[in-house]
Structure formats: structure tokens, C-alpha cells
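Trainee: Let's see this in three dimensions:
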Amino acid sequence: MLITPWVEWWTRLIGRIGALLALPLVAAMVYEIVARQIFNAPTFWAFEVAYMMMGTIFMFGIAYALKENAHVSVDLIYHQLSPRWRGFVFLLGSVLLIPVVLWVTVGLSEYFWKAFEGDERTGQSAWNPVIWPFRLVYFIGFATFFLQILAECEKAIYAIRFNKTYEAD
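Mentor: Now for the predicted structure:
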């Protein structure tokens, strides 16, 4: 395997970072609820922190879900196939998926650079933070997803070649 071990290490790292962000998200939401309901002093930042952290959790989770085969799928026949044929089916689907994910990833990089160079702000609240860090997260999430698709393709080629599923060492 050429890229699979490195990509899966990166995907695991990004996935864990995303999962850990659930803790500060919950803390921020609890703080907002207590401040609003008990002290009648709502925050001006909670909405933006919430959507940015939740977006980060999802963006950092998409590649990890692919790695763990946790995406929703309809597999009436797929799991009945031999590893070789499952590899062929995955590669066939990847022919359609790779260009789309690459296109979105490139678009997100441009979206990030535009916000970074223009010092773009969210405009969603009185806090009004710069938006480029959040857009960078989207780019990192989709770039990781793209790399994980390539790693899955490498595993599919392994399955086609040896008629067995790749197992990491």
C-alpha cells in the first residue's frame, strides 16, 4: 500500500479532532442556555460558535465515516459479492465521485482564499468574526475526504488483485 496508511492516520486524527469538538460545543450551548434563561443575559457569540463547531464536526467526520464504512448505503447485493467484485464496484462508483469531490475541494480552497485575502466577516451576529478559519475547516474536511477516497480506491485495487479485503497491519 502506498498512501493508505498515511491517509488513514490523517483521517483518524481529523476525525478525533472533530469528535472532541462536541465537548466545547455542549459547554458553549449550556453556557448560552444558563446565561439566557437564568441571568437574562444572552450571549452575542453562541449562535456563530455553535454553527461553526457543528460544521467542523461534520466536515471532519465525512472522511472518517468513509474509512469506517459508516456512510448510509443500500447494499442488497454488494456484501454478497467477493472482495474482487466489491473492489470493481467501488472503483466504478469512484469514477463518478472523485471528480465531484475534487471540484468541490478546489472550489472550497478558492472560497477560503477569497475570505482570507478580503478579511471577510460572517455578518451573522454582533460578534462578527472573520470567516476564513471556518472556510479553511471546510477545505481541510473535503481534502481529507478526497484523500480517503483515494485510499479506498487503493484498497479496492488490492482487493481486485488478491481477491481479499485489505487489512491494516
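Trainee: going forward, measure contacts between C-alpha atoms and count neighbours the same way
Mentor: Fine.
Trainee: Check which helix or strand the residue lying closest to T11 once chain neighbours are set aside maps to.
Mentor: Leaving aside its chain neighbours, T11 sits nearest to Y64 (5.6 Å; criterion: CA to CA, 6 or more residues apart in numbering). Assigned by DSSP states H and E, Y64 belongs to helix 46-67.
Trainee: related to what we said a few turns ago, how many neighbouring residues does the residue nearest to T11 have?
Mentor: If you count neighbours by other CA atoms under 10 Å, Y64 ends up with 26.
Trainee: For it, which residues are in contact?
Mentor: T11, R12, I14, G15, F145 (CA atoms under 8 Å, 6 or more residues apart in numbering).
Trainee: doesn't G87 fall inside a helix?
Mentor: Yes: remark: G87 belongs to a helix, assigned using DSSP: H, G, I helix; E, B strand; the rest coil.
Trainee: wait, isn't it in contact with K164?
Mentor: No: at 9.4 Å, G87 does not count as touching K164 under the criterion of CA atoms under 8 Å.
Trainee: Between the two, which contacts overlap?
Mentor: In the contact map built from CA under 8 Å, 6+ apart, the residues linked to both G87 and K164 are Y158.
Trainee: Who has more neighbours out of the two?
Mentor: G87 (26 against 16).
Trainee: excluding its backbone neighbours, what's nearest the more buried one?
Mentor: Spatial nearest neighbour of G87, excluding adjacent residues (CA to CA, 6+ apart): A156 at 4.1 Å.
Trainee: got it, and G18?
Mentor: Excluding the flanking residues, the one nearest G18 by CA to CA, 6+ apart is I57, at 4.4 Å.
Trainee: where does the one you found land on pLDDT?
Mentor: Note on I57: pLDDT of 97.
Trainee: before we move on, what about A168?
Mentor: On the pLDDT scale, A168 gets 76.
Trainee: neighbours around it, how many?
Mentor: A count of nearby residues for A168, using other CA under 10 Å, gives 9.
Trainee: Next: G107.
Mentor: Burial of G107 is recorded as 12 neighbouring residues (other CA under 10 Å).
Trainee: Enumerate residues external to stretch 33-53 that contact any of its residues.
Mentor: L21, A22, L25, A28, M29, E32, Q124, S125, A126, W127, F134.
Trainee: Now for the first one: which residues touch it?
Mentor: If you count contacts by CA under 8 Å, 6+ apart, L21 has them with M53, I57.
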